[in-house]
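S.K.: Next come a sequence and a model predicted from it.
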Amino acid sequence: MPRSSEKTLSAILDAGFRLFFKRGFARVSMDDIAVAAGVTKRTLYYHYTSKDALVGAVLDKQNEQSVAAFRNWTAPSTPKPEVFIAGLFAQLAEWSTQPGWTGSGFTRLGMELADLPGHPVRKASQRHKSALIFWLSDELSRRGISAPKRIAEQIVVAMEGAVALTVIHGDPEYFAIGSNLASKALSGELE
């Protein structure tokens, strides 16, 4: 792909990311994305034949960046699983205080299109949540936790609930509740 095409593709994906994550799927048009990317509609449609294909590509790119962010948040972490998980929830709480924060775009977009199970958004959201569980399971396993996949699933449920309730209520204290639930999962108190 020529350099100008790489720059164009990057501009399209970046514009799509900003708009889809801010406004959702239904409230963004291909015209909006073309304008935000600084390209013509013809160029946009050359790279992506539909809004469905574009949003799937946006989420696939964002998946890599999102999992990398989780790794960076926890990189200097202690080997103690309790401290690792508490730090993860503290980072989530800090993330929620950013101006214009609206939670996880994967969750929001996936829920917006809940009635379309085969849609690229739903598939990309499933891949992202599975990657998050896989990453967390690996981290727990390295810290000596038995049944790491099951516990990772429980912790991700606590994370998702904390994110959703923080979006709805505007109160990051839900991350403290999620952290408490995650601690119970680590200690085997949850089934």
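M.R.: Sure thing, it's come through.
S.K.: G103 contacts T166, doesn't it?
M.R.: Yes: in terms of Cβ atoms under 8 Å, G103 counts as a neighbour of T166; the distance is 7.0 Å. All C-beta spots, glycine's among them, are computed from the backbone N, C-alpha and C.
S.K.: Which one of the two is surrounded by more residues?
M.R.: Shown here are G103 and T166; by other Cβ atoms under 10 Å, T166 has more neighbours (23 against 18).
S.K.: Could you report the separation of that one from L113?
M.R.: Per Cβ to Cβ, to the nearest Å, T166 is found 22 Å from L113.
S.K.: D31 too?
M.R.: D31 is 20 Å from L113, by Cβ to Cβ.
S.K.: ditto for E189
M.R.: 35 Å.
S.K.: Please apply the same query to R18.
M.R.: For R18 relative to L113 (Cβ to Cβ), the value is 19 Å.
S.K.: neighbour-wise, which of these two wins?
M.R.: Using other Cβ under 10 Å as the criterion, R18 and L113 rank with L113 on top: 19 against 15.
S.K.: List the contacts of the more buried one.
M.R.: 25, 119, 121-122 (Cβ atoms under 8 Å, 6 or more residues apart in numbering).
S.K.: Return the subset of those lying in strands.
M.R.: The strands, defined by DSSP state E, take in nothing from the contacts of L113.
S.K.: mind giving me the domain split of the chain?
M.R.: Here the chain is described, according to automatic domain parsing, as comprising the domains 1-49, 56-186.
S.K.: Mind putting those into CSV with mean pLDDT?
M.R.: Formatted as CSV, those follow (pLDDT from 0 to 100):
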stretch, mean pLDDT
domain 1-49, 91
domain 56-186, 93
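S.K.: In the chain, mark out all the helices, start to finish.
M.R.: 3-23, 30-37, 41-47, 51-74, 81-95, 105-112, 120-142, 148-169, 174-186 (DSSP state H).
S.K.: neighbouring contacts of the second one?
M.R.: Just to be clear, that refers to helix 30-37. Contacts of helix 30-37 (Cβ under 8 Å, 6+ apart): 8, 11-12, 14-16, 18-19, 40-41, 43-45, 51, 54.
S.K.: In those, which residue is surrounded by the most others?
M.R.: Ranked by the number of neighbours (other Cβ under 10 Å), the contacts of helix 30-37 place G16 first, at 26 neighbours.
S.K.: List the contacts of that one.
M.R.: Residues near G16 by Cβ under 8 Å, 6+ apart: 28, 33, 37, 54-55, 57-58.
S.K.: Ok, A90 next?
M.R.: A90 is in contact with 175, 179, counting by Cβ under 8 Å, 6+ apart.
S.K.: State the distance from it to L190.
M.R.: Taken as Cβ to Cβ, the span from A90 to L190 is 20 Å.
S.K.: and if you look at V163?
M.R.: Taken as Cβ to Cβ, the span from V163 to L190 is 19 Å.
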